[in-house]
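Student: predicted model follows, preceded by the sequence.
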Amino acid sequence: MTNARYSRTDRQTILALAMVTLLALTAFVLLPPGAGAAGNKAPSRGSLLQKIGKQGCIVDRSTPKQGCATARAIKGPGPFMGSRAIALSPDGRNVYVASSDSNAIAIFRRHATTGNLSQPKGQAGCISLKGSYGCARAIGLKGPNSLAISASGQYLYATSRDSSSVTAFRRSSTGALKQLAAGRGCISQLALPGCETGRALTGADVVTISPDGRNVYVGSFFGNAVAVFNRDKEDGALTQPADDSGCVTEAATSGCDQGLALSSPEGMSVSGDGKNVYVATAVSNAVLTFSRDATTGALTQATDGSGCIVESALTGCTTGFQVSGANAVATSPDDKDVYVTSLISSSLTSFIRTSNAGALSQIPGAGGCVAWLRQYPCTPGRALRAPEGLAVSPDGGNVYVTAFSSGAVAVMNRFRSTGTVVQKPGRDGCVTVQSIANCNAGRALAGASSIVVSSDGRFAYVTANKSNAIAVFRRVTGN
């Protein structure tokens, strides 16, 4: 006799799958640190090992040291809004940190061989609003949260949420920053002295630069918009087009194009071929695709379902899964895949670029996402509660996720042929300040928010908002 819905064979299959799932969850969640086959093995390729002593972390001088080095102007690096708060110069000589609570950008010299960081004295070590902390002086730098450096390494751009601004700085041969001259170094939605007026910049949250260096794009969290800027490659100055191509907004707005599912942009990435801009929107729970005009930099969004992937059905968009609170966005080095962290879903989702137009298709089933504990249809992930930042290693073999609530970095293996990711087994799969089973212990990682990997793939740097810190890791590059 058979059940109305399932045969006996079906029920046996389901029971077997349930047992496999239970065993997987036990391996991921219940085993003590160091247990399992991977517990006693040498760290695998792509694993992160925090450097020992003061070389492994730098905290703001107002914070208890906890065995870390100290520095100025790094209070609140990588705020809860801001998944790109740390940037590494193309020449590898400097690391820059957007410190929201310090109203500053902290500057560090980087040793190419050891990866160690040190802060220069005086104004060479930071630039801040009103020149506080002994830093150089800047305008429009209230609550900085995201950074981007031009491919030439000559210019750095910062968004500041509280100033609703994008600011421009010239980088010297020593790594020091100097803001561009008045009227060229700051564009704001607000009427700020010394700043030009811009559109669609309310709550500016994330900034990116096109690979050809012609354009800068800003996601505005409270403006529900993407602002578009033309960039002068000679002097680094930004200008916003006066017509509708200067911004894309969710609501119909005079002077801007209108887009879909644009409520609260928080993450952004430009494809390596320069054809697309991908945006994650936290309140729309969506991942958006814009086509980019290589000549003008203008953005257009399709309304046939290929321009947006949303958690809940929305006319003109395709429905996806586990993208609630979509946050950071990263494109793989081979330009084939796009990865997104989602804060509410506590997930990392994977997408394939499926056409010359750059449209995205979410990888189906368990291959399409890794989520904290287990959320259908994802594979279970450890130390992934409230993921914030995201980076793909230069060799494309790993994806790294910073988790704000877990105070952790989760380490994923990436399969280049398919684009799928899976968390490393055992303790190689995560580093955390919390007591989480099967994770390595880390320091100065509370409120882990942003991560960057050096171009040689040997080191990783993480901002930790609640620790007021930068954590420094060596990346295992051998087999």
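Tutor: Noted; the coordinates are in hand. Numbers count the residues shown, from 1 in each chain.
Student: quick one: the helices in this protein?
Tutor: Ranges of helices in the chain, per DSSP state H, are 8-25.
Student: low-confidence stretches in it?
Tutor: For the chain, the stretches with pLDDT under 70 are 1-40, 82, 479.
Student: one more pass at 80, please.
Tutor: 1-41, 80-83, 182, 355, 373-374, 478-479 (pLDDT under 80).
Student: and the nearest residue in space to Gly297 that is not next to it in sequence, what are its bridge partners?
Tutor: Distances taken as C-beta to C-beta, 6 or more residues apart in numbering place Asn215 nearest to Gly297, at 3.6 Å, with adjacent residues excluded. (C-beta placed from N, C-alpha, C; glycine too.) Assessed by DSSP bridges, Asn215 has beta-bridge partners Asn230.
Student: quick one: Asn215 from Pro377, how far?
Tutor: Per C-beta to C-beta, to the nearest Å, Asn215 is found 37 Å from Pro377.
Student: so who does the residue nearest to Gly297 touch?
Tutor: Listed by C-beta atoms under 8 Å, 6 or more residues apart in numbering, the contact set of Asn215 reads 209, 228-231, 292, 297.
Student: how about the residues you listed in a markdown table, adding neighbour count?
Tutor: A markdown table is the format used below for the contacts of Asn215 (neighbours: other C-beta atoms under 10 Å):
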| residue | neighbour count |
| --- | --- |
| Ile209 | 20 |
| Val228 | 28 |
| Phe229 | 24 |
| Asn230 | 16 |
| Arg231 | 22 |
| Arg292 | 24 |
| Gly297 | 22 |
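Student: what are the boundaries of the strands in the stretch 51-200 of the chain?
Tutor: Assigned by DSSP state E, counting those that start in this stretch, the strands in the stretch 51-200 of the chain fall at 57-60, 69-71, 86-88, 94-99, 104-110, 117-118, 126-129, 136-138, 144-149, 155-160, 165-171, 177-179, 186-188, 196-197.
Student: what sits up against the last one?
Tutor: The set of residues external to strand 196-197 that reach it, using C-beta under 8 Å, 6+ apart, is 183-184, 186-189, 191.
Student: can you check the fourth one too?
Tutor: With contact meaning C-beta under 8 Å, 6+ apart, strand 94-99 is reached by 60, 73-78, 82, 85-89, 105-110, 117, 144-147, 149, 156, 158, 171, 175, 177, 452, 461, 463, 470.
Student: excluding chain neighbours, what is closest to Val338?
Tutor: Using C-beta to C-beta, 6+ apart, the closest residue to Val338 is Phe351 (4.5 Å).
Student: tell me if I'm right that that neighbour and Ser332 touch.
Tutor: No. Phe351 is not in contact with Ser332 according to C-beta atoms under 8 Å; the separation is 10.1 Å.
Student: what touches both of those two?
Tutor: Contacts common to Phe351 and Ser332, judged by C-beta under 8 Å, 6+ apart, are 338-339, 419.
Student: please tabulate these in a markdown table, including the columns neighbour count and distance to Pro64.
Tutor: As requested, the shared contacts of Phe351 and Ser332 are arranged in a markdown table below (neighbours: other C-beta atoms under 10 Å; distance: C-beta to C-beta, whole Å):
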| residue | neighbour count | distance to Pro64 |
| --- | --- | --- |
| Val338 | 26 | 39 |
| Tyr339 | 25 | 35 |
| Gly419 | 22 | 42 |
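Student: report the contact partners of Ser172.
Tutor: Ser172 makes contact with Lys178, according to C-beta under 8 Å, 6+ apart.
Student: how far away is the nearest residue to Ala124 once chain neighbours are set aside from Ala104?
Tutor: Leaving aside its sequence neighbours, Ala124 sits nearest to Ala176 (C-beta to C-beta, 6+ apart; 4.4 Å). When distance is defined by C-beta to C-beta, Ala176 is 13 Å away from Ala104.
Student: same question, Val409
Tutor: Counting by C-beta to C-beta - Val409 and Ala104 are separated by 24 Å.
Student: likewise Cys57?
Tutor: For Cys57, the distance to Ala104 - C-beta to C-beta - is 19 Å.
Student: between these two, which is the more surrounded one?
Tutor: Using other C-beta atoms under 10 Å as the criterion, Cys57 and Ala104 rank with Ala104 on top: 30 against 27.
Student: show me the beta-bridge partners of the more buried one.
Tutor: Counting by DSSP bridges, Ala104 forms beta bridges with Ser99, Ser128.
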